[in-house]
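>>> any chance you could fold what I've pasted below:
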Amino acid sequence: MIKIIVGSRGSGKTKTLIDQINEAAKTSAGNVICLDKTLKLQYDLATNVRLVDIDQYGIKGFGEFLGFVCGLMAGNYDITHIFVDSILKVGGAEKDLDGLGVMLGEIDELKDAKDIEFVFTVSAEEAALPESVRKYL
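The predicted structure follows:
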């Protein structure tokens, strides 16, 4: 399942994400992963959440990000949640909403991702989202 948290910069998306991550960490019987471009969330997350600084892996673009996620899933069969803060920054182009929609569709089609809850924050206004992204609201 894929969900997105949408709003303009400074609207509280990351705070909402942190609350969802910590709730998942309390209830999950598997692994909860948070992907971010920094480790700034390390003191806000429960200690059993794996925080990954994806900048350490040189990810540039949505295609490389998708490959990274597939690698995580291949190496760990009991992931229950993957949270991603600021996915447009991760994708490399802050306003590539169409590219985001394509990548979300590819994640949605992954057979092994069906049992994983994905949550992304997107810094954009809801009205600006293409239908390929909007369907995950």
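>>> C-alpha from now on. contacts and neighbour counts both.
OK.
>>> report the central residue of this protein.
Centroid-nearest residue in the chain: V84, 2.4 Å away (criterion: C-alpha atoms, centre = their mean).
>>> return the residues in contact with it.
Residues near V84 by C-alpha atoms under 8 Å, 6 or more residues apart in numbering: 34-36, 118-121.
>>> and if you look at L17?
L17 sits next to 5, 83, 85, 119, 121 when contact means C-alpha under 8 Å, 6+ apart.
>>> I82 should be in a strand, yeah?
Yes. Judged by DSSP: H, G, I helix; E, B strand; the rest coil, I82 forms part of a strand.
>>> which helices and strands sit right next to the helix or strand of the chain with the lowest mean pLDDT?
Every helix and strand in the chain was compared by mean pLDDT, DSSP states H and E; the lowest is helix 87-90, with a mean of 90. Packing contacts for helix 87-90, counted by 3 or more C-alpha pairs under 8 Å, 6 or more residues apart in numbering; DSSP states H and E, involve strand 117-123.
>>> ok, then the element right after the strand it packs on?
Using DSSP states H and E, the helix or strand that directly follows strand 117-123 along the chain is helix 131-134.
>>> show me where this structure has its helices.
13-27, 62-75, 87-90, 97-109, 131-134 (DSSP state H).
>>> mind listing what's buried in the longest one?
Applying a neighbour-count criterion of 16 or more other C-alpha atoms under 10 Å, one finds 13-14, 17-18, 21-22, 24-25 buried in helix 13-27.
>>> with stretch 34-45 instead?
Going by neighbour count (16+ other C-alpha under 10 Å), the buried part of stretch 34-45 is 34-37, 41, 45.
>>> from the residues you listed, which is closest to K60?
The closest of these to K60 turns out to be K37 (C-alpha to C-alpha; 11.3 Å).
>>> tell me how far that closest one lies from I54.
According to C-alpha to C-alpha, to the nearest Å, K37 and I54 sit 5 Å apart.
>>> and L72, by the same measure?
For L72 relative to I54 (C-alpha to C-alpha), the value is 12 Å.
>>> no more questions from me, cheers.
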